[in-house]
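# 3D model of this:
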Amino acid sequence: MIRWILLCLLALLSPLAQAALDASVDRTRLVEGEALELTLETPTASRLSDLDLAPLEENFEVQRTRQLSLVSQVGGKTTPVTRWVITLLPLRTGFVVIPPLQLAGASSQPITLQVLSAAQAANDSSAQLAPVFIDSEVDIETPYVQAQVLLTLRIYHSVSLFDDSSLSGLDIPNARVESLGPPRHFERTMNGVRHGVIEMRYAIFAQQSGELDIPSQLFSATVLQPTSNERFSARTGRLVQVRSPSIRLQVQPVPDSYPPGAPWIPAAALSLGQTWQPDPGIDLLSGEPLTRTLILEAEGLNASQLPALQSLVGEPIDELRQYADQPRLENRTSDTGVSSVRHDSAALVALQEGSYTLPPVVVNWWNTREDRLETATLEAVTLNVSRSGDFATSGGPLAFPTGEPSVLWPWQLATALLALALAVSLYFLRRARLALVDFSLPEAQEDLGDEDQGNPLADLQAACRTNQPAEARKALEAWARQQHSEGLIGLAHNYLELEEALDDLNACLFGRAHHTWRGKPLWRAVRMVIQSRRREAEEDQAAKPEGLYPDV
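Next up, the predicted model:
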């Protein structure tokens, strides 16, 4: 009788046991950012059964859910089984509990997990690290606004990965993010296990003070698993997704000790330099340009963050004009961060002779390494400018060798002949100038000896005809170098008409004149120089046989 009662009770309790909802996980200890799989099985539910996953949302992110219908054979008896495989990502570290889940009156048992941070996992020699996990760190957690923050992401994997791995993009509101190059690959041993490491670095520039959250990034990859014939493929692999821990920064505003009104420059290092062309230490000529370039280099800043330097001449000076060029910006990236260079160039033209002092150049900046205010300075520069018509010789007066008086007469005779030739040249030059008062450009088409295409004289004639001062100056200098050993300045010093035309050309080029330049006077002066030099050559040729080689 008692046996029969026990058999009846077992028969009644058997359906209740079969109605249980079994829960299991692939591991109970994992690293922050790593996902795990929760498996639920029941023999009573169908594919249409609705599993309530709401209790998981408090401590987990449900990434993926799969439902399978299987057949189980135990002791020769076939039983249908419904299985759910749920991929979960813990939202916090420490001990986390998977709460009981309900399905058709059945309830699963709670499961306790231990979620380690990446630092705890690295320092815990007894911790069983996940096959794939990700860690993130910054070089500073309290940066200044617009200062560089280096973010490093490292993905560790002790298993082989297929080449389809990907990382979600890093987008941070109120911040500018720059990648510091392609990922680096190396190996590191942790807890006696060799891990492959994929490292990525970013430079982050917060655009406003306050709290700034760097969101976690999702890394997806396929873990390679060999088949029975030891061949690898993406189909035989298992998808793994891990997230990096999020980081919160406390961004500081501009310090109160920073000079008010000065551009905010937070940099790890900064240098200020300059170059000149030509050297400002030599005597300069009025009307000739002097180019100055200021060079500002910084570490930890983008070139667009470097300010335009102050005026190169300070307060405007009427006699010293400044013509600024477009700034040249350069950016460089490396594992250590962003570095940049800014070049500010300007041409300085003194319109009058005299002494001009350029003020010091001062740049205030905040040293983010030392957390203090620093200043970069260039000393004041003095320019000495002489009139373009004044010429100084590098040597002293000519020194004749001492000796018998008889050796001096050839020099005296040569000097007398040169003085006579100069006087005759000036006489004919004056007559030619008076005779060509009604000179016009169309009449200048006569053959001058070297007006072939591409010759300086032909280029000069074309520039004068079309009233182009810059091209005329360039061609005039090239032609003068062919005519005179001292170039254009020396040639103009010997011919008054050419000197006057050159002064008018320089005035138009460097802003001293307020009228439109006309090429007719310059071309008239050049023709007069050519004709005068021809007459001088003819007279010298005629005078040499009579003066240097008299008949005996």
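# quick check: beta-bridge partners of the residue minimising distance to the centre of the chain?
In the chain, the centroid-proximal residue (CA atoms, centre = their mean) is residue 331; its distance is 1.5 Å. Beta bridges link residue 331 to residue 340 when assigned by DSSP bridges.
# just the pLDDT at the residue lying closest to residue 168 once chain neighbours are set aside, thanks.
In this structure, residue 168 finds its nearest non-sequential neighbour in residue 218, 4.4 Å apart by CB to CB, 6 or more residues apart in numbering. For glycine as for every other residue, the C-beta is placed from the backbone atoms N, C-alpha and C. With respect to pLDDT, residue 218 scores 87.
# could you do the one 3 residues further on as well?
Listed pLDDT for residue 221 reads 88.
# got any ranges where the stretch 201-350 of the chain has weak pLDDT?
In the predicted model of the stretch 201-350 of the chain, residues 225-236, 310-316 satisfy pLDDT under 70.
# mind running it again at 80?
Judged against pLDDT under 80, the low-scoring parts of the stretch 201-350 of the chain cover residues 224-238, 281-284, 286-287, 310-319.
# break down it into its strands, ranges please.
210-214, 218-223, 238-243, 247-251, 266-267, 269-277, 284-285, 289-299, 320-324, 328-334, 337-350 (DSSP state E, counting those that start in this stretch).
# isn't residue 138 right up against residue 150?
Yes: with contact defined as CB atoms under 8 Å, residue 138 reaches residue 150; the gap is 6.5 Å.
# residue contacts, the closest residue to residue 65 other than its chain neighbours?
With sequence-adjacent residues excluded and distances taken as CB to CB, 6+ apart, residue 65 is closest to residue 86, at 5.2 Å. If you count contacts by CB atoms under 8 Å, 6 or more residues apart in numbering, residue 86 has them with 37, 38, 39, 40, 53, 56, 62, 64, 65, 66.
# and residue 86, bridged to which residues?
Residue 86 has these beta-bridge partners by DSSP bridges: residue 38, residue 65.
# thinking again about what came up before, mean neighbour count, the strands of the stretch 201-350 of the chain: which tops it?
With neighbours defined by mean count of other CB atoms under 10 Å, none of those is more surrounded on average than strand 266-267, at a mean of 24.
# on that earlier part again, for the residue nearest to the centre of the chain, give its distance to residue 173.
Distance check for residue 331 against residue 173: by CB to CB, to the nearest Å, it reads 23 Å.
# on the three-state scheme, residue 119 is what?
helix (DSSP: H, G, I helix; E, B strand; the rest coil).
# pLDDT at it, what is it?
At residue 119, the predicted lDDT confidence score is 72.
# so who does the residue nearest to it when sequence neighbours are not counted touch?
When the adjacent residues along the chain are set aside, residue 119 lies closest to residue 135, with 7.9 Å between them (CB to CB, 6+ apart). Contacts for residue 135 (CB under 8 Å, 6+ apart) come out as 33, 118, 119, 122, 153, 154, 156, 244, 245.
# using the three-state scheme, assign residue 135.
Here residue 135 is recorded as strand under three-state DSSP.
# return the set of residues that bridge with it.
As for beta bridges, residue 135 partners with residue 154 under DSSP bridges.
# how far away is it from residue 32?
For residue 135 relative to residue 32 (CB to CB), the value is 9 Å.
# overlap of the contact sets of these two?
118, 245.
# related to what we said a few turns ago, which of the contacts of residue 135 are buried?
Among the contacts of residue 135, those classed as buried by neighbour count (16 or more other CB atoms under 10 Å) are 33, 118, 122, 153, 154, 156, 244, 245.
# in CSV, list the residues you listed along with distance to residue 303.
What follows is the buried ones among the contacts of residue 135, written out as CSV (distance: CB to CB, whole Å):
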residue, distance to residue 303
33, 35
118, 35
122, 37
153, 25
154, 29
156, 35
244, 30
245, 32
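# residue 541 should be in a helix, yeah?
Yes: counting by three-state DSSP, one finds residue 541 located in a helix.
# before we move on, back to that, looking at the strands of the stretch 201-350 of the chain, which is closest to residue 78?
strand 238-243 (28.9 Å; CB to CB).
# hmm, back to that, what's the spacing between the residue nearest to residue 119 and residue 385?
Using CB to CB, which is the criterion applied here, residue 135 is 64 Å from residue 385.
# returning to what we had before: out of the contacts of residue 86, who's the most crowded?
Each of these was scored by neighbour count (other CB atoms under 10 Å); the top score is that of residue 38, with 23 neighbours.
# contact partners for that residue?
23, 24, 25, 85, 86, 87, 88, 98, 111.
# same check, this time on residue 386
Under the contact definition (CB under 8 Å, 6+ apart), the residues listed for residue 386 are 283, 284, 285, 286, 353, 392.
# just to revisit the earlier point, so which of the strands of the stretch 201-350 of the chain is nearest residue 455?
Using CB to CB as the criterion, the shortest distance between residue 455 and the strands of the stretch 201-350 of the chain is 26.4 Å, found for strand 289-299.
# could you list every helix and strand in contact with that closest one?
Helices and strands touching strand 289-299, by 3 or more CB pairs under 8 Å, 6 or more residues apart in numbering; DSSP states H and E, are strand 269-277, strand 337-350, strand 361-367.
# indicate which one of these is closest to residue 421.
strand 337-350 (36.0 Å).
# after that closest one comes which helix or strand?
With elements assigned by DSSP states H and E, the helix or strand that comes after strand 337-350 is strand 354-358.
# mind listing what's buried along that following strand?
Across strand 354-358, burial judged by 16+ other CB under 10 Å covers 356, 358.
# again, but for stretch 162-175
The neighbour-count check on stretch 162-175 (16+ other CB under 10 Å) flags 162, 165, 167, 170, 172, 175 as buried.
# sorry, back to before: OK, contacts around the residue nearest to residue 168?
Residues in contact with residue 218 (CB under 8 Å, 6+ apart) are 167, 168, 241, 242, 243.
# dump those residues to a markdown table, plus distance to residue 366.
Formatted as a markdown table, the entries for the contacts of residue 218 read as follows, by distance: CB to CB, whole Å:
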| residue | distance to residue 366 |
| --- | --- |
| 167 | 33 |
| 168 | 33 |
| 241 | 41 |
| 242 | 38 |
| 243 | 35 |
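# restricted to strands, list the buried residues of stretch 162-175.
In strands, defined here by DSSP state E, the members of these are 167, 175.
# about what we covered before: which one of residue 138 and residue 150 has more residues nearby?
Neighbours around residue 138 and residue 150, counted as other CB under 10 Å, are more numerous at residue 150. The numbers are 19 against 15.
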